[in-house]
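Novice: build me a structure from this.
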Amino acid sequence: MTLNKILEQEEHYIAPKASKKKITANIIYYIVGTILSLIFLLPVFYMIATSTKTDEQIAQSAGTIMMFIPNFDSIATIFDNYILLFGEHEIWKYALNSLMYAAITIVLNVLVNALAGYVLAKFHFPGKKFFLFLILFLIIVPVETSIIPLYMIAVRLLKLTGGLSPVAVVLPGVISIFNIFLYMQFFTSIPKEYEEAMHIDGANRVRIFFDLILPLSKPIVATTAVFCFIGVWNDFLWPQLILPTDLGSSDAWPVQTIQAFLIGFQSIPEVTGGERMAALVVTTIPIFIVYALAQKYIVKGFGTAGLKL
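Specialist: Here you go, the predicted structure:
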């Protein structure tokens with residue numbers, strides 16, 4: 001028997017064993033993944049199910065599997081809590097406020113941080129290594145430590161109070177050290193030959209940035225935009241500090257964010273448990289939508305923004 005035939009026979013016997021092991025490992029992986037996913041999703045199921053029930057129905061289903069199943073007994077009343085939430089309590093006004101703050105912050109955040117990252121990635125200037133070290137150091141500094149300095153700048157220095165207080169809401173989100181780092185790392189991976197080709201055609205640095213660099217940076221732009229949106233949408237402390245809670249008229253459009261609404265809404269004695277959960281569902285939906293639309297860009301953005309110093 002030749003050597004080739006012996007090797008072919010060994011492959012014939014080894015391959016099925018390897019294939020069986022791989023199939024078994026995949027089955028175990030999917031089973032464990034499914035179980036863990038269900039465990040993490042149980043609070044979401046409970047939140048959605050409870051948002052369709054009255055307090056009596058919540059008490060009746062407590063401790064049973066029905067606590068994770070929406071109230072389908074009466075289709076006509078399944079959305080009563082949401083109708084009260086949008087009608088009587090006007091949660092949509094606070095949601096629009098948060099969306100407006102988030103949209104403005106995202107535009108400014110992308111523009112400022114992308115420009116800063118571009119300068120650090122493509123330009124050479126004295127003190128550049130110090131700035132890179134400072135960025136890496138500031139990434140680990142808690143954001144809460146800057147609350148007092150930001151408040152002093154917004155209120156004492158810039159006088160952003162009263163009617164100008166909404167302008168101050170977006171200020172902390174405009175500059176993000178972590179986003180600058182991500183942009184810098186991503187721009188470093190863009191070949192300089194692309195820029196040189198545009199420069200030969202007569203393009204200046206500004207045109208190169210907006211016509212070449214940013215269009216090539218969709219993954220990292222989407223990633224930072226999602227982070228920025230989540231940060232602004234979930235922010236409670238800074239808007240609560242900087243925004244007036246009373247405009248002097250019950251008919252005036254509120255300026256507070258949806259997180260401030262949630263805190264005040266939870267403290268109303270007449271509000272039922274179902275209405276509270278409905279408010280949480282409404283608050284959570286935009287985050288799921290934004291992440292679902294941008295998830296492929298987020299994965300690609302992190303994959304191309306590895307550490308390059």
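Novice: gap between residue 168 and residue 240?
Specialist: Remark: distance between residue 168 and residue 240 (Cβ to Cβ, to the nearest Å) = 12 Å. (Glycine included, C-beta is placed from N, CA and C.)
Novice: which one's more surrounded, those two?
Specialist: Set side by side, residue 168 and residue 240 show more neighbours around residue 168, with 22 against 14, by other Cβ atoms under 10 Å.
Novice: residues in contact with the more buried one?
Specialist: Neighbouring residues of residue 168 by Cβ atoms under 8 Å, 6 or more residues apart in numbering: 154, 155, 158, 160, 242.
Novice: how much space separates residue 197 from residue 203?
Specialist: For residue 197, the distance to residue 203 equals 9 Å [Cβ to Cβ].
Novice: who's more crowded, the two?
Specialist: Neighbours around residue 197 and residue 203, counted as other Cβ under 10 Å, are more numerous at residue 203. The numbers are 16 against 13.
Novice: and the more buried one, which of the three is it?
Specialist: Look at residue 203: counting by DSSP: H, G, I helix; E, B strand; the rest coil, its state is coil.
Novice: just checking, it touches residue 210?
Specialist: No. The pair residue 203 / residue 210 is not scored as a contact, 9.9 Å apart, by Cβ atoms under 8 Å.
Novice: quick one: the helices in the stretch 1-150 of the chain?
Specialist: For the stretch 1-150 of the chain, the helices defined by DSSP state H, counting those that start in this stretch occupy 3-50, 55-61, 80-87, 91-122, 128-139, 147-151.
Novice: among these, which is nearest residue 185?
Specialist: Evaluated over these, closeness to residue 185 peaks at helix 91-122, with 7.8 Å, by Cβ to Cβ.
Novice: now that closest one: mean pLDDT?
Specialist: Helix 91-122 shows a mean pLDDT of 92.
Novice: elements contacting that helix?
Specialist: Using 3 or more Cβ pairs under 8 Å, 6 or more residues apart in numbering; DSSP states H and E as the contact test, the elements touching helix 91-122 are helix 128-139, helix 165-174, helix 177-188, helix 218-234, helix 258-266, helix 273-303.
Novice: for the first one, what is the distance to the chain centroid?
Specialist: This points to helix 128-139. Taking Cα atoms, centre = their mean, to the nearest Å, one finds the center of helix 128-139 at 24 Å from the center of the full chain.
Novice: that helix - what's its average pLDDT?
Specialist: Averaged across helix 128-139, pLDDT comes to 82.
Novice: enumerate the positions of that helix that are buried.
Specialist: Within helix 128-139, the residues that count as buried by 16 or more other Cβ atoms under 10 Å are residue 135.
Novice: got it, and the fourth one?
Specialist: The neighbour-count check on helix 218-234 (16+ other Cβ under 10 Å) flags 219-229, 231-233 as buried.
Novice: please parse the chain into its domains.
Specialist: Split into domains by automatic domain parsing, the chain comes to 3-77, 89-303.
Novice: would you mind finding the most buried of those domains?
Specialist: domain 89-303 (a mean of 16; mean count of other Cβ atoms under 10 Å).
Novice: do you know the pLDDT at the closest residue to residue 217 other than its chain neighbours?
Specialist: Of all residues not flanking residue 217 in the chain, residue 186 sits nearest, at 6.0 Å (Cβ to Cβ, 6 or more residues apart in numbering). The confidence metric pLDDT takes the value 88 at residue 186.
Novice: closest to residue 116 out of the buried residues of helix 218-234?
Specialist: Lowest distance from residue 116 to the buried residues of helix 218-234 (Cβ to Cβ) belongs to residue 224, with 11.8 Å.
Novice: please report how far that closest one lies from residue 243.
Specialist: Going from residue 224 to residue 243 by Cβ to Cβ gives 25 Å.
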